[in-house]
Each structure stands twice: as structure tokens, then as C-alpha cells.
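**Student:** One predicted model, sequence on top.
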Amino acid sequence: MKKIGVLTGGGDCPGLNAVIRAVVKKSLKNKWEIIGIIDGWKGLIEGTVKQLSDQDVSGILPKGGTILGTSRTNPFKEQKNVDKLLANIKKFKLDALIAIGGEDTLGVALQLHKMGVPVVGVPKTIDNDISGTDYTFGFDTAVSIVTNAIDRLHTTAESHHRIMVLEVMGRHAGWIATISGIAGGADEILIPEIPFHIDDVCKNLQARHKSEKKFSIVVVSEGAKPCDSDQFEILCEEKDDFGHVRLGGIGQRLAKQIEKRLGVETRFTVLGHVQRGGSPTAYDRVLATRYGVAAVELVKRGEFGNMVALRGYKILPVHLDESVTKLRTVDMDIYEIATTFFAHPHHR
Ligand code: F6P
């Protein structure tokens, strides 16, 4: 009989509930007790937990968000919080922890593992930027939402002969922009990995508008950086516990610049948290379920300090060290595919 704690940390993501459900159902089959930790690491610091039953996870598979709540709390910001967290692991007699999260949550998990806490990770983020795994759950759902938005922007762009700029999530990696840009047939894709020159972007759009096409779709990651940063300063300086500024505003600035330089009416749309809410796709439900079951198996085998990862068709353990030390950025071969469809590609 084991007692396992499970938590979700960082930004929420479609499929979190599918993981929680799988963790709980698989653990109950093992006759283990499952303790849900409320609001990520914050709950373990404050001691807010809840025992999870089969009933608690019934019907949550298609639901977005997380029934456990989440936060961007970093216990390592203050030693007293680390002490409280360790004391609570003892108090609740947790034999192991399953941490579902992105780079920050898994980074905390790694630090705890190094301190001797038996912890296993599950990679989550719509951004798909965790190393060591082919995909994180939530990404497929975000890509579907963005692709649908591009399709919708296409028809209105065409009617009004406009340029439409769509700002999507992707702080350090442009996976969402690249993959949904390919799926939606974007005419320009700007990602954090490749700082852009506004002149090049305009040259590409102009080449298209000189042909018979009188509209364009530009997809830009929120973290895309212009080489000439003076014209595109970051909107908000507010930082979270892990030191990340709140991004946003690049789409609006870009649209303004394009309209000014090309004289073509340009509008912007910011999809924001729409990309993170709602029901996961079938792909994400299955991936999340496989991750949840595999995480419990890792706990059973005592393979702590690992996260579950998708490698090809298999779910395998990958050491947390490998997953959090380096972000997984966009594969340039895939980005090249996207540029094939630009009128005047410039990202070489
Ligand atoms: O980490 C995932 C992510 O989707 C980033 O792309 C984005 O910058 C961030 O979450 C925004 O999250 P929030 O507004 O919840 O802090």
C-alpha cells in the first residue's frame, strides 16, 4: 500500500484532467491511496490537499483545465517554503509525488529529487517545448484551435483584401505558430527562434500582394523578437515566481508596422488563453492517459527522477535532467517546410 501525491503546476493545459484520471484509476487498481495537492507547489507548501476517489475523477476525461487547480508558485524562491513543503510530504506520509507540469514545475521536481524526494514528472505544455519527449499533451489541442482560427481569418481577410496578423502562444519556442501555420497555410510565420527584420517581412508580403493575391495571413508567436527591438518593446514588465515577464503585444505592433510600410489595411487578433481552454482533442486525451498510467508504473518500479516521455510510439522514462536543462525549440527542417509557401522566404 502506497500513498501518492499528485499535483498540476504552471499554466493549465487541455489534458491535465485526463492525466489525473489515469493516475487515480491506475493507482486505485494497485490499492494505493491518492492525494490531490491543490494549486501546484503552493498546495504542498500550505498543506492543502484532498484525497481522490474514483468518483472524483469520474467524467473529467473530456474536461479542460485541472480539477486540482494550478499556480506558478516556485517553492525555491524562499527556503522557508522548501522547509514547509518537505515537512508536509512527511506529515501526509507521501511515498511519492507525481508532478504534472512544464519546464518550471519539472525544474522544481528535479531539485526536489536531488534532495531525496521520490518524484516522477509528466510533461505538460501547449508550447511543446520540453526536451526529451516528442510531444507534450495540450499541444495538439492548441494547434487545432489555432488552425481553426487561421481558417476563419482567411475568409474575412480575402473578402476585405486585408493582411491579418494572428498572435499565438509560444514564449521561447514557436511550435504552435509553425505547425498551425503549416496546417492553416500561413503566408508568414514569425517565431522566437529566428529574430526577424520587419523589412524582410514586408518584402515577403509585398511579393504576394504584387501577384494576384490581395490578402495575407501572418502568424506570430508571442515571444517572436524583431531585430530592431526599438519599435516593438515588451508590453508588460510584471514577472512571475520563475522570472518570466508576461508577454503580449507583438501582434499589434507588427500589424501597425506592416500597415504603415505597405499601405495595406492590416488587422490583428490575439488568441491568448482561448488556446489553453476547453476540451482536449482525442490525440491529447490518449497521450495524457498514457502518460498518467506510465507515471504510476514508474512509481511502482521506483524509477524516480524521471519524467514519462513519448519517443516514437512508445512511452519511456527520461531523466528530468535531460528534460529541463534545455528547451526544445522548433526543428528548422519543419520550419523550412512552412517557408516553401511564402512568396519571398527570408528565414535562411
Ligand atoms: O507556458 C505556456 C504559456 O502558454 C506560454 O506560451 C505563455 O507565455 C504563458 O503560458 C501565459 O500564461 P499565463 O498568462 O497563464 O501566465
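**Tutor:** In hand now; what should we look at?
**Student:** Are we agreed that residue 206 is in a strand?
**Tutor:** No: judged by DSSP: H, G, I helix; E, B strand; the rest coil, residue 206 forms no part of a strand; its state is helix.
**Student:** Next one: it from residue 343, what distance?
**Tutor:** 8 Å (Cβ to Cβ, to the nearest Å). (Glycine included, C-beta is placed from N, CA and C.)
**Student:** next helix or strand past the lengthiest helix in the chain?
**Tutor:** Ranked by residue count under DSSP state H, the longest helix found in the chain is helix 139-160. Per DSSP states H and E, the first helix or strand lying C-terminal to helix 139-160 is strand 163-168.
**Student:** and residue 247, that's in a helix?
**Tutor:** No: assigned with three-state DSSP, residue 247 falls outside any helix and is coil.
**Student:** quick one: it and residue 225 touch, right?
**Tutor:** No: the criterion here is Cβ atoms under 8 Å, and residue 247 misses it with residue 225 at 10.6 Å.
**Student:** Check which helices and strands the helix or strand containing residue 256 is in contact with.
**Tutor:** Here residue 256, judged by DSSP H and E, is contained in helix 250-262. Packing contacts for helix 250-262, counted by 3 or more Cβ pairs under 8 Å, 6 or more residues apart in numbering; DSSP states H and E, involve strand 163-168, helix 198-210, strand 216-221, strand 266-270.
**Student:** ok, of these, where does mean pLDDT dip lowest?
**Tutor:** Of all those, mean pLDDT reaches its minimum on helix 198-210 (a mean of 94).
**Student:** What residues of that helix count as buried?
**Tutor:** Buried residues in helix 198-210, defined by neighbour count with 16 or more other Cβ atoms under 10 Å: 198, 201, 202, 204, 205, 206, 208, 209.
**Student:** Contacts for that helix, please.
**Tutor:** Defining contact as Cβ atoms under 8 Å, 6 or more residues apart in numbering, one finds that helix 198-210 is touched by 163, 187-188, 190, 216, 218, 226, 228, 231, 254, 257-258, 261-262, 264, 342-346.
**Student:** coming back round to it: give me the subset of the buried residues of helix 198-210 touching the ligand.
**Tutor:** Here nothing survives when those are matched to the ligand using Cβ under 6 Å from any ligand atom.
**Student:** ok, so of the residues you listed, who is nearest residue 300?
**Tutor:** Closest approach between the buried residues of helix 198-210 and residue 300, by Cβ to Cβ: residue 201, at 51.8 Å.
**Student:** who in the stretch 201-348 of the chain is up against the ligand?
**Tutor:** 222, 247, 276.
**Student:** Doesn't residue 120 belong to a helix?
**Tutor:** No: applying three-state DSSP, one finds residue 120 to be strand, outside a helix.
**Student:** who's in contact with the residue nearest to it when sequence neighbours are not counted?
**Tutor:** In space, and not counting its chain neighbours, residue 120 is closest to residue 298: 4.7 Å by Cβ to Cβ, 6 or more residues apart in numbering. Residue 298 sits next to 120, 304, 306, 308, 317 when contact means Cβ under 8 Å, 6+ apart.
**Student:** Of those - the most surrounded one?
**Tutor:** The most neighbours of any of those, using other Cβ atoms under 10 Å, belong to residue 120, which has 30 neighbours.
**Student:** pLDDT weak spots in the protein?
**Tutor:** Applying pLDDT under 70 to the chain picks out residues 229-237, 347-348.
**Student:** And it, what are its domain boundaries?
**Tutor:** Following automatic domain parsing, one finds the domains of the chain at 3-137+280-325, 139-277.
**Student:** Give me the distance between the first one and the centre of its chain.
**Tutor:** Here the centre of domain 3-137+280-325 is set off from its chain's centre by 15 Å, with Cα atoms, centre = their mean, to the nearest Å.
**Student:** Quick check: end-to-end length of it?
**Tutor:** End-to-end distance for domain 3-137+280-325: 29 Å, by Cα to Cα, to the nearest Å.
**Student:** Once you drop chain neighbours, what's closest to the single nearest residue of the stretch 201-348 of the chain relative to the ligand?
**Tutor:** At 5.0 Å from the ligand, residue 247 is the closest residue in the stretch 201-348 of the chain, using Cβ to the nearest ligand atom. Once flanking residues are discounted, residue 247 sits nearest to residue 222: 4.3 Å by Cβ to Cβ, 6+ apart.
**Student:** Repeat that for residue 335.
**Tutor:** Using Cβ to Cβ, 6+ apart and skipping the chain neighbours, the partner closest in space to residue 335 is residue 178 (5.6 Å).
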